[in-house]
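Asker: Turn this into a model:
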Amino acid sequence: MINVLFLDKSNTVLSAMCEIILKEKLSDLTLPISVKSAGTQTTDGVDINTVALKALWLRGYDGDGFTSRSLTEEDLSMADYVIITSKQLKFTLPKSDKIYTFGELTGCNELKEPCVDEFVTFLDATADIEFMSDIFIQKLKQI
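Answerer: From the prediction side, this is the model:
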């Protein structure tokens, strides 16, 4: 089993979107991959950002019922890939050779944090996550 953990501060926008999209893309495949997300500075049970939820829905993803999770030591120790949504977060975590940005893993530009006032930035983030997830899945298939 390959364990993937998406990580950001709140677990209500980018890491949540990454988890939802990658899980959906993997749902028709028989790869032994587990996907979770968490936040370093969140409270368990916070609803996903409503604008992110709408962007996901418009692209065909169901994020209803998603709530945030706080990062645990077990999450970090169990993960084979810890994918952070911003490079700054890397400096707040224990040093590890399994922590990457999504851009580092896929050879793409880094994810941009959507602007709260601009819905189109959430749609752009969703499309970027879809593209990066496809590349990541291809890499995982080769393992």
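Asker: Name the helix or strand of this protein that has the lowest mean pLDDT.
Answerer: None of the helices or strands of the chain scores lower by mean pLDDT, DSSP states H and E than helix 87-90, at a mean of 88.
Asker: Identify each buried residue in that helix, please.
Answerer: Across helix 87-90, burial judged by 16 or more other Cβ atoms under 10 Å covers 89-90. Every residue, glycine included, has its C-beta placed from N, CA and C.
Asker: just stretch 71-81 next, same as before
Answerer: Within stretch 71-81, judged by 16+ other Cβ under 10 Å, the buried ones are 71, 75-76, 79, 81.
Asker: Then stretch 43-58?
Answerer: Buried-residue list, stretch 43-58, by 16+ other Cβ under 10 Å: 46, 48-49, 51-53, 55-56.
Asker: can you check stretch 129-137 too?
Answerer: 129-130, 132-133, 136.
Asker: Not including adjacent chain positions, what is the nearest residue to L58?
Answerer: L123 (6.9 Å; Cβ to Cβ, 6 or more residues apart in numbering).
Asker: secondary structure class for L140?
Answerer: Look at L140: counting by DSSP: H, G, I helix; E, B strand; the rest coil, its state is helix.
Asker: I'd like the distance from R69 to S37, if you could.
Answerer: Applying Cβ to Cβ, to the nearest Å, the value for R69 to S37 is 7 Å.
Asker: between these two, who's got more neighbours?
Answerer: Ranked by neighbour count (other Cβ atoms under 10 Å), R69 and S37 place S37 first, with 27 against 20.
Asker: Double-check that the more buried one belongs to a strand.
Answerer: Yes: judged by three-state DSSP, S37 forms part of a strand.
Asker: quick one, what contacts it?
Answerer: Applying Cβ atoms under 8 Å, 6 or more residues apart in numbering to S37 gives the contacts 5-8, 11, 15-16, 18-19, 69.
Asker: Out of those, the closest to C115 would be?
Answerer: C115 lies nearest to D8 out of these, by Cβ to Cβ, at 15.6 Å.
Asker: from memory the closest one sits against L89, does it?
Answerer: Yes: counting by Cβ atoms under 8 Å, D8 touches L89, with 6.6 Å between them.
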